[in-house]
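A.B. asks: build me a structure from this.
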Amino acid sequence: MSRESAGFTLLEVVVAMVILSVAVVTLIQLASQSLRLLKLSSDHQEATILADRLVLAADPATEGMESGQDGRFTWECRACAVAVPDELSPTIGAAPRLLSLMVAVRWGSGRTVEMSTLRLAQGAAATP
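C.D. replies: Numbers count the residues shown, from 1 in each chain. From the prediction side, this is the model:
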């Protein structure tokens, strides 16, 4: 057995350790980034569910603004009357009264989810 084939040189071991350490550090950074994105996605989903719940629970009979807090989320709900174009108004009877509902949910450092929809105002119709 010759001396040259007896094993690895110190340089080969050092290069292998550097390659292994770079790979391990890269994998740890990828895992950390994945966890951060998972948390952000979870927060966004919770905010969207809250906004949807607020839109469904809003009273479409009145205009105005409400705000509040739900856990770490702060929210604001606005209801504004929307004019119905004459082309869309019925020829017989009163024109429908539409309200625009806009909900904004905020959390963290400037994160926001906004949702808006149109709802038919209950109980009241505009007179022609």
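A.B. asks: contacts and neighbour counts: CA atoms only from here.
C.D. replies: Fine.
A.B. asks: so what's residue 111 up against?
C.D. replies: Residue 111 makes contact with no residue, according to C-alpha atoms under 8 Å, 6 or more residues apart in numbering.
A.B. asks: who is it paired with across the strands?
C.D. replies: residue 107 (DSSP bridges).
A.B. asks: for the most centrally placed residue in the chain, list the residues it contacts.
C.D. replies: In the chain, the residue lying closest to the centroid (C-alpha atoms, centre = their mean) is residue 44, at 3.3 Å. Taking C-alpha under 8 Å, 6+ apart as the criterion, residue 44 is in contact with residue 113.
A.B. asks: sec struct for it, please.
C.D. replies: Of the three states, residue 44 takes helix under DSSP: H, G, I helix; E, B strand; the rest coil.
A.B. asks: how far away is it from residue 70?
C.D. replies: Computed with C-alpha to C-alpha, to the nearest Å, the distance linking residue 44 and residue 70 is 14 Å.
A.B. asks: quick one on the thing from earlier: pLDDT value on the residue nearest to the centre of the chain, please?
C.D. replies: What the model reports as pLDDT for residue 44 is 94.
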